[in-house]
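> Dropping the sequence and predicted coords here.
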Amino acid sequence: MKYTILVADDSKVYFDIIEEAFRQFGDNYHLIWANTGKMACLMAERHLPDLILMDVIIPEMNGVQAIKALKENHLTSDIPVIMLSASESLQAIYETGAHDFISKPFNQFELYMRVRSSLTLIDKIKEIKKQKEKLEREHQKISQQRKEIIDDITYSKRIQKAILPTNDLVRDIFPEHFILNIPRNIVSGDFYWVGNKSGKKIIAVADCTGHGISGAFMTMAGIAYMNDIFNRYTMDDPAEFLFLLREQVMKLLHQKGIEGEAADGMDVALCIVDDENKCFKYAGANNPVYHLSQHGLELYKADRMPIGIHVNFTTPFTSHTFPYHSGDMLYLFSDGYADQFGGPENKKFRYKQFQDLLTSIGQNPMADQREILQRTFINWKGDEEQVDDILIFGIRL
């Protein structure tokens with residue numbers, strides 16, 4: 001590498017001495033001369049030398065003034081300067097921006113070594129700047145990629161929201177209801193589904209394997225399959241509905257019961273409400289359902305197997321029929337609420353506390369129940385990270 005060094009000195013004799021000194025140490029140095037302070041500033045801007053050797057006492061603009069002008073120019077502000085005089089105080093020289101000082105008259109070898117040391121430092125600084133610029137470019141690239149990914153996921157959220165049952169549809173089937181849906185990420189691995197056919201009202205809440213993008217893909221498949229089953233069959237047996245859903249999901253994931261297969265799928269609670277006979281039928285794949293009546297909160301347990309591959313994947317699900325009275329509440333939910341860490345001891349909220357909370361608010365209007373559940377969750381979580389997607393669907397029968 002060949003270095004350009006600007007020598008600013010009104011004496012051509014000193015320039016010749018300096019040039020001769022560097023000539024003895026090789027041809028890696030190209031020296032240029034300025035005999036005034038103003039000329040030094042102009043030549044520095046034009047040639048952008050690697051280093052400037054600046055005499056303090058020079059015409060038109062002394063060395064201290066010249067350094068100040070160089071530092072104020074964004075093109076030359078980073079060029080290091082070594083002063084070549086003892087006529088000004090060191091404090092004034094360093095405060096102006098010089099980074100080294102050599103007294104006249106100087107030893108040629110000492111001058112060379114001081115310049116060599118400065119140039120080595122300059123090379124390291126340049127390399128650091130290159131690495132910094134490279135990192136900044138990479139950071140900008142990553143930031144742009146991250147923005148594009150988030151934009152895509154945010155758009156996916158719109159798609160996911162669009163395929164969920166509309167507010168009008170849910171309201172038509174279940175006039176009194178609330179839905180608390182708090183995804184862990186932008187998109188959710190939980191979903192809900194409703195239908196109304198032959199006088200039977202169907203409601204389901206599902207918790208898919210994973211959350212975020214992976215969970216969201218499963219929600220879209222789950223909703224599509226539920227729509228397909230609903231449109232193709234007329235049934236009042238929730239267990240049969242779950243059995244058909246399991247077949248579809250296993251087919252989608254190519255699950256055949258082979259050892260080592262990924263156990264992806266979903267947990268589902270599904271109820272079919274019969275208003276005419278004042279009863280509802282329930283079947284669950286790992287997800288229970290709560291029934292709140294004048295007798296208190298009843299927990300109806302699910303079959304301990306998912307919608308997906310399982311050791312008992314050929315076993316039918318179980319349907320249960322329960323009577324209800326007008327004004328009773330049904331709660332279908334995923335496990336995210338009860339599993340959230342927080343509180344004064346940073347423990348899980350747990351199902352017992354969740355059940356007590358539902359019991360205490362069950363007579364409240366739907367909007368109030370949702371607001372209390374959300375506020376309680378936020379207060380419990382505090383500064384802790386949300387551990388899972390949260391979905392609670394409450395209906396008044």
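Good, I have the coordinates.
> Give the closest residue to residue 357 in space, chain neighbours not counted.
Closest residue to residue 357 apart from its sequence neighbours, by Cβ to Cβ, 6 or more residues apart in numbering: residue 376 at 6.3 Å. Any C-beta I mention is one placed from the backbone N, CA and C, and that applies to glycine too.
> Which parts of the stretch 251-397 of the chain are strands?
All strands of the stretch 251-397 of the chain, identified by DSSP state E, counting those that start in this stretch, fall at 265-274, 279-285, 289-293, 296-300, 307-308, 320-323, 329-333, 341-342, 347-348, 390-396.
> and residue 170, backbone torsions?
phi -60, psi -40 (degrees, to the nearest 10).
> Among the strands of the stretch 251-397 of the chain, show the one with the smallest mean pLDDT.
Set side by side, the strands of the stretch 251-397 of the chain differ in mean pLDDT, and strand 307-308 is lowest with a mean of 88.
> What strands line up against that strand, and which way round?
strand 265-274 (antiparallel) (DSSP bridges).
> Report the angle between the partner strand and strand 390-396.
Put simply, strand 265-274 runs at 10 degrees to strand 390-396, going by axes from the mean of the first three to the mean of the last three Cα atoms, to 10 degrees.
> And strand 265-274, what's buried?
For strand 265-274, the neighbour count (16 or more other Cβ atoms under 10 Å) marks 265-274 as buried.
> can you list the weak-confidence ranges in the stretch 201-350 of the chain?
Within the stretch 201-350 of the chain, the ranges that satisfy pLDDT under 70 run 210-211, 257-262.
> related to what we said a few turns ago, out of the buried residues of strand 265-274, which comes closest to residue 58?
Relative to residue 58, the closest of the buried residues of strand 265-274 is residue 266; by Cβ to Cβ it sits at 81.8 Å.
> Surely that closest one and residue 305 touch.
No: look at residue 266 against residue 305 with Cβ atoms under 8 Å: they stay out of range, at 11.6 Å.
> Quick check: neighbours shared by those two?
residue 285 (Cβ atoms under 8 Å, 6 or more residues apart in numbering).
> which residues does residue 34 contact?
If a contact means Cβ under 8 Å, 6+ apart, then residue 34 has 6-8, 40, 42-43 as its contacts.
> and if you look at residue 118?
Taking Cβ under 8 Å, 6+ apart, one finds 51, 80, 82, 99-100 in contact with residue 118.
> residue contacts, the nearest residue in space to residue 350 that is not next to it in sequence?
Spatial nearest neighbour of residue 350, chain neighbours left out: residue 338 (5.7 Å); criterion: Cβ to Cβ, 6+ apart. By Cβ under 8 Å, 6+ apart, the contact list for residue 338 reads 348-351, 353-354.
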